[in-house]
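Q: following is a predicted model, sequence given first.
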Amino acid sequence: MLNIEELVVRYGARNPVVHGVSIDVAEAGVVALLGANGAGKTSLMRAVSGTLPLHGGSVAAGTIKFLDREITRANPAAVMASGLVQVPEGRHVFGALTVDENLDAGAITVRSREARARARRQVFEMFPRLAERRRQRAGTLSGGEQQMLAIARALMSRPKLLLLDEPSLGLAPMLVKQIGETVGEIARDGVPVLLVEQNAAMALSVADRAYVLELGRVVLSGPADELSRSDEVGRLYLGDADGDADGHLRGESPAVPRLARWTA
Ligand SMILES: Nc1ncnc2c1ncn2[C@@H]1O[C@H](COP(=O)(O)OP(=O)(O)OP(=O)(O)O)[C@@H](O)[C@H]1O
């Protein structure tokens, strides 16, 4: 349902940070986009959600289609209205508002009162902790609960495709596992997910397919179970040699020799 073809992204006049990336997301299941810091994951997500110009970036070439309609360079409101809803990195909830009010904000585009009530029942079923805290201010929730609320708020708009940008960032391993389970549940409930993650172990455990980005290029893609068995992913992402035990890459930026290994 989402087709990204030969996408090139740049900030200002600088060299591109995404170089001709092609990615397909099917109408069901979870697709994971993996990569270390600086690989270009967030830039790609910004291109899809139409928010690149807000960050001084632009699509220099290529196309993005959603449900067969071209949305390359569409503005964020138009992208969201088409049913493609993003939960950006960093748990942006309205801290001064209650859980209930945050959910109301997510449902602002849903006209029918009945549909809003149904969506709320579904998110409370999925996130019972939010139901218990519905009158609590979002700013006083724990980090994990705020991430759940950010996802729940996005689900209130009844998206056709959910983009999740690094939902596990900064969370304890138990919560990371819980987020992974939630992502699987969302997909099983009928909302496909494009999951952007540095935590490859979690992402590959829930994804059907995955793409690995290095320095703005797709260096590996395929069924998630195949990728998790591959030597390169195992070594770099799943806790052998260079990776740490949580499935994160060590270090702040991808090393060029690593790219050479991927593409050799
Ligand atoms: N607003 C910006 N202006 C200029 N360069 C940017 C901007 N945002 C990102 N970049 C650059 O684009 C490259 C890709 O960064 P991006 O944030 O897309 O990677 P990422 O894979 O999402 O990394 P992270 O996991 O750290 O968020 C980096 O070299 C980064 O410095």
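A: Now that the structure is in, tell me what you want to look at. Numbers count the residues shown, from 1 in each chain.
Q: every contact and neighbour count from this point should use C-alpha atoms.
A: Will do.
Q: what segments of the chain are strands?
A: 2-11, 18-25, 30-34, 57-66, 69-70, 84-87, 161-165, 193-197, 209-214, 217-223 (DSSP state E).
Q: pLDDT of the fifth one, averaged?
A: Confidence over strand 69-70 (mean pLDDT, whole number) is 94.
Q: quick one: strands adjacent to that strand?
A: Sheet pairing here is set by DSSP bridges, and for strand 69-70 it gives strand 57-66 (antiparallel).
Q: re the thing from before, redo the strands of the chain as TSV? Include distance to residue 107 and mean neighbour count.
A: Compiled in TSV, the strands of the chain are given as follows (distance: least, Cα to Cα, whole Å; neighbours: other Cα atoms under 10 Å):
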stretch	distance to residue 107	mean neighbour count
strand 2-11	23	20
strand 18-25	25	19
strand 30-34	23	27
strand 57-66	21	19
strand 69-70	24	13
strand 84-87	12	24
strand 161-165	15	24
strand 193-197	19	27
strand 209-214	30	24
strand 217-223	34	18
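Q: which one of those lies closest to residue 177?
A: Across the strands of the chain, residue 177 has its closest neighbour in strand 193-197 (13.0 Å, Cα to Cα).
Q: pretty sure residue 167 sits against residue 179.
A: Yes - counting by Cα atoms under 8 Å, residue 167 touches residue 179, with 7.2 Å between them.
Q: with neighbour numbers in mind, choose between those two.
A: A side-by-side neighbour count of residue 167 and residue 179, using other Cα atoms under 10 Å, places residue 167 first with 26 against 21.
Q: how near is that one to the ligand?
A: Plainly put, residue 167 is 11 Å away from the ligand if you go by Cα to the nearest ligand atom, to the nearest Å.
Q: can I get stretch 118-137 in PDB, CA atoms only?
A: Extracted in PDB, the C-alpha atoms of stretch 118-137 (Å, rounded to 0.1, in the frame of the first residue of the first chain):
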ATOM      1  CA  ARG A 118     -15.400   2.600  19.500                       C
ATOM      2  CA  ALA A 119     -11.800   3.700  18.800                       C
ATOM      3  CA  ARG A 120     -11.500   4.700  22.500                       C
ATOM      4  CA  ARG A 121     -12.900   1.300  23.700                       C
ATOM      5  CA  GLN A 122     -10.400  -0.500  21.400                       C
ATOM      6  CA  VAL A 123      -7.300   1.500  22.600                       C
ATOM      7  CA  PHE A 124      -8.300   1.000  26.200                       C
ATOM      8  CA  GLU A 125      -8.600  -2.700  25.600                       C
ATOM      9  CA  MET A 126      -5.100  -2.700  24.100                       C
ATOM     10  CA  PHE A 127      -3.700  -0.300  26.800                       C
ATOM     11  CA  PRO A 128      -5.400  -1.100  30.100                       C
ATOM     12  CA  ARG A 129      -2.900   1.000  32.000                       C
ATOM     13  CA  LEU A 130      -4.100   4.100  30.100                       C
ATOM     14  CA  ALA A 131      -7.700   3.200  31.000                       C
ATOM     15  CA  GLU A 132      -6.700   3.200  34.600                       C
ATOM     16  CA  ARG A 133      -5.000   6.600  34.200                       C
ATOM     17  CA  ARG A 134      -7.500   8.300  31.900                       C
ATOM     18  CA  ARG A 135      -7.800  11.400  34.100                       C
ATOM     19  CA  GLN A 136      -4.100  11.700  34.900                       C
ATOM     20  CA  ARG A 137      -2.000  14.400  33.100                       C
END
